[in-house]
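>>> Let's see this in three dimensions:
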Amino acid sequence: MRFKALACLCLLAAAWVMPAAAQTAEDAEERRMMSSAAFLSGHPDLRYRLAGLQRYRKNDFDGAMVRFRRAARYGDKPSQAMVGEMYWNGQGVAPDKVLGYVWMDLAAERLYPLMLAKRERYWSELDEAGRARALEIGQQVYAEFGDEVAKARLDRELRFAKRNTTGSRVGSVGSLQIVIPTPGGSEVIDGSKFYDEKFWDVDQYLQWQDDDWINNAEGTVDVGEVMSLETPLPEDFDDEE
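Got it, this is the predicted structure:
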C-alpha cells in the first residue's frame, strides 16, 4: 500500500515540478512562477490540483477528493488520474474499481503514457460485469468532465484572468513586473514571461502540458525532492469554489 501511495504522488507531482536534476534555471523560475498566488488565481486546474495534493499529503482524503474533482472539471488529467486511483484504492470514497477505471480512462484521454498504462492495468483486472458497467457509466463521466466540455470551462477562466491583468484592456503588460514569494524571499518575474501566451491561450496551454507530460513520461521522479521545491498554496485559495 505504501508503494501505491508513493506512485500516486509521483504521478501527480511529475506534472507540477520537475526534479531538481532535470531543471534549467529557466525551468526553475517558471515552476516557481506557476506556484505563485497570482498565477494560480487564473488557473483553477493547477490551483485545485495543488490544493488536492496538499490535502492528500496530510491524509485528508475526503478533502483531496473534493479538490481533485474540482480540478478535473477543468480537464486536469493528473487530477482525474488521482480521482481514479483513489476510487480504485478506496481513499476518501468507498472502493469502486469500475469508477477507478472510468476515471483513469478519462485521464488517458490525451494519451499520456502513464495514464494509458494505468488504464490498461485497471481494465485487465475488471471482470466481465465490471467492464460492462464501466462502458455504461463512462459516458456520464465524460459528459461532465471530458475535454469537450472541460476545455470550454478552462478557456473562460483563462480569458477572464487575462482580461483582468494589471495592464491595458487589450492585454499589453508593458513593463509590468510580478513579485512572487519564494522560500528564499520575494522574486520579481518579468510580466512578459508571466503572460506568455502558452499559459493563457487554452490551445497553447494544453499543448504545453501535453508536451511536458509526454516528454517527461519516462523520467524517474523522487517524491521527496519534488515536494521540497513546492511553494505552499495560500490558504484563501484552498476552499475556493
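>>> can we go C-alpha only for contacts and neighbour counts from here?
OK.
>>> Spatially, what comes nearest to residue 93 if we skip its sequence neighbours?
Closest residue in space to residue 93, ignoring its immediate chain neighbours: residue 87 at 6.3 Å, by CA to CA, 6 or more residues apart in numbering.
>>> and the one you found, how many neighbours?
24 (other CA atoms under 10 Å).
>>> Enumerate every residue touching it.
The contact partners of residue 87, by CA atoms under 8 Å, 6 or more residues apart in numbering, come to 93, 94, 95, 96, 97, 99, 100.
>>> Just the ones in helices from those, please.
Those of those mapping onto helices are 97, 99, 100, per DSSP state H.
>>> Pull out the buried residues from the contacts of residue 87.
Neighbour-count burial (16 or more other CA atoms under 10 Å) applied to those gives 96, 97, 99, 100.
>>> Pick out whichever of those residues sits closest to residue 43.
residue 100 (25.7 Å; CA to CA).
>>> on that earlier part again, can you put the contacts of residue 87 in TSV and add distance to residue 112?
Shown next, in TSV, are the contacts of residue 87 (distance: CA to CA, whole Å):
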residue	distance to residue 112
93	25
94	27
95	25
96	23
97	21
99	19
100	17
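>>> Need those in a markdown table (columns: pLDDT and distance to residue 215).
Shown next, in a markdown table, are the contacts of residue 87 (pLDDT from 0 to 100; distance: CA to CA, whole Å):
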| residue | pLDDT | distance to residue 215 |
| --- | --- | --- |
| 93 | 95 | 33 |
| 94 | 96 | 34 |
| 95 | 96 | 32 |
| 96 | 97 | 32 |
| 97 | 97 | 29 |
| 99 | 97 | 28 |
| 100 | 97 | 26 |
